[in-house]
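*Asks:* following is a predicted model, sequence given first.
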Amino acid sequence: MKKTLNKLTYQKSGVNIKNADKLIGNIKKSNNLKNSKVLAGIGGFSSLFSLDIKKYPNPIIVCGTDGVGTKLKIAGLLNEHRYIGQDLLAMCVNDVITCGATPLFFLDYLATSKVDIKLHTQVLRGIQNACKSINIPLIGGETAEMPGMYKDKEYDLAGFCVGVVNKKDIIDKKRVKSDDVIVGINSNGFHSNGFSLINKLIQRKSISLRKEYSGINLAKALIRPTKIYADLLCVLKTRVNIHGAAHITGGGLTENLPRIIPDKFSIEIDLNSWKIPKVFRLIQDKAMLTDSDILKTFNCGIGMSLIVNKKDVKDVVMISKKLKYKPSIIGFVINKKNNKTISYEQS
């Protein structure tokens with residue numbers, strides 16, 4: 001009898017398999033996006049997807065993985081988890097599309113101390129809804145209960161996107177030429193980068209999520225989800241020859257734009273060509289950062305940058321506006337004059 005009372009089960013050690021099964025069941029039931037290419041999806045040991053070899057006769061598989069980072073702390077402080085799934089999808093998809101790939105499907109990984117059916121269903125449905133918005137299936141994933149690894153309702157997310165591009169259609173830096181134009185596409189705020197700095201400001205009480213600053217509702221500005229640029233790239237790549245595409249994430253314009261040009265070139269950016277949104281200036285002021293600091297920390301209002309021939313600029317701007325984006329001609333590719341890969345000018 002004593003042995004039975006002291007028996008240590010998996011559930012007693014903090015893992016409730018029934019709860020995890022219920023969570024996945026909730027998502028599986030609402031996963032009504034029909035895709036004939038999905039041969040096996042959520043619920044199995046693996047997921048199967050059939051590639052259309054007529055559409056992609058020389059296919060190159062493109063993969064991307066990312067997380068949401070410490071923006072999860074903001075979601076927790078605000079108890080607002082509806083949009084974090086879009087952040088996760090966007091961070092992966094926006095990387096994959098920069099080489100000209102079409103996203104095929106997405107997988108997620110959610111880790112927590114204890115499954116909370118209501119909370120985590122909200123998170124996973126957010127991922128699912130974001131997938132539906134760009135017409136790709138959430139094909140599978142993993143939910144891990146790890147008692148003692150996370151506090152209270154803390155959780156972590158990772159995502160995995162797989163795409164495909166025909167070899168001849170890969171957007172490669174070899175396409176970039178001197179005098180090419182850089183078109184910046186607007187972001188939706190901080191997206192999912194720079195939040196370690198923002199969280200430190202909150203911790204120090206330099207900013208408060210309960211306050212408004214010169215008309216800025218800080219809580220709403222910080223939780224706003226990352227834009228997904230898949231629709232824009234899908235149309236543009238059939239209309240113009242994109243020479244380069246950069247997803248502006250951690251490192252800002254300063255670190256991300258040089259990654260997509262050959263070493264013999266550099267980039268010149270006109271800081272007057274777009275207006276850095278006020279919320280970035282607020283954080284800059286509270287953290288006492290220079291312009292150079294914020295340009296290599298945040299996206300500063302530019303979430304995606306495209307390099308194109310000057311003759312294609314008009315089409316890029318027109319198509320972007322038609323799809324409800326706000327494009328700006330922010331700079332040019334020039335022959336490298338010194339060791340600088342990027343410089344900022346004010347006209």
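*Replies:* Arrived safely. Residues are numbered from 1 along each chain as shown.
*Asks:* checking residue 219 next. Helix, strand or coil?
*Replies:* Three-state call for residue 219 (DSSP: H, G, I helix; E, B strand; the rest coil): helix.
*Asks:* equivalent analysis for residue 93, please.
*Replies:* Under three-state DSSP, residue 93 falls in the helix class.
*Asks:* so what's it up against?
*Replies:* Applying Cβ atoms under 8 Å, 6 or more residues apart in numbering to residue 93 gives the contacts 64, 103, 106, 134, 136, 161, 163, 228, 230. Just so you know, the C-beta spots here come from the backbone N, C-alpha and C atoms, and that holds for glycine as well.
*Asks:* pick the one among these closest to residue 271.
*Replies:* Of all the contacts of residue 93, residue 228 has the smallest distance to residue 271: 26.5 Å, by Cβ to Cβ.
*Asks:* didn't residue 66 look like it was pressed against residue 89?
*Replies:* No. Under the criterion of Cβ atoms under 8 Å, residue 66 is not in contact with residue 89, lying 9.6 Å apart.
*Asks:* neighbour count for these two, which is higher?
*Replies:* Neighbours were counted for residue 66 and for residue 89 using other Cβ atoms under 10 Å; residue 89 has more, 29 against 23.
*Asks:* quick one: residue 72 and residue 156 touch, right?
*Replies:* Yes. The pair residue 72 and residue 156 qualifies as a contact (Cβ under 8 Å) at a distance of 6.8 Å.
*Asks:* of the two, who's got more company?
*Replies:* Neighbour count, other Cβ under 10 Å: between residue 72 and residue 156, residue 72 has more, with 22 against 16.
*Asks:* just checking, what packs against the one helix or strand the more buried one maps to?
*Replies:* According to DSSP states H and E, residue 72 maps onto helix 71-78. Judged by 3 or more Cβ pairs under 8 Å, 6 or more residues apart in numbering; DSSP states H and E, helix 71-78 is in contact with helix 84-96, strand 155-166, helix 195-203, helix 218-223.
*Asks:* joint contacts of residue 66 and residue 89?
*Replies:* Contacts common to residue 66 and residue 89, judged by Cβ under 8 Å, 6+ apart, are residue 159.
*Asks:* got the contact list for the closest residue to residue 346 other than its chain neighbours?
*Replies:* Of all residues not flanking residue 346 in the chain, residue 271 sits nearest, at 5.0 Å (Cβ to Cβ, 6 or more residues apart in numbering). By Cβ under 8 Å, 6+ apart, the contact set of residue 271 is 291, 344, 345, 346.
*Asks:* picking up where we left off before, go through the helices and strands packed on helix 71-78 and name the closest to residue 267.
*Replies:* Of all these, helix 84-96 sits nearest to residue 267, with 19.5 Å by Cβ to Cβ.
*Asks:* can you name the next helix or strand after that closest one?
*Replies:* strand 102-112.
*Asks:* now that next one against strand 155-166, angle please.
*Replies:* Strand 102-112 runs at 170 degrees relative to strand 155-166, counting by axes from the mean of the first three to the mean of the last three Cα atoms, to 10 degrees.
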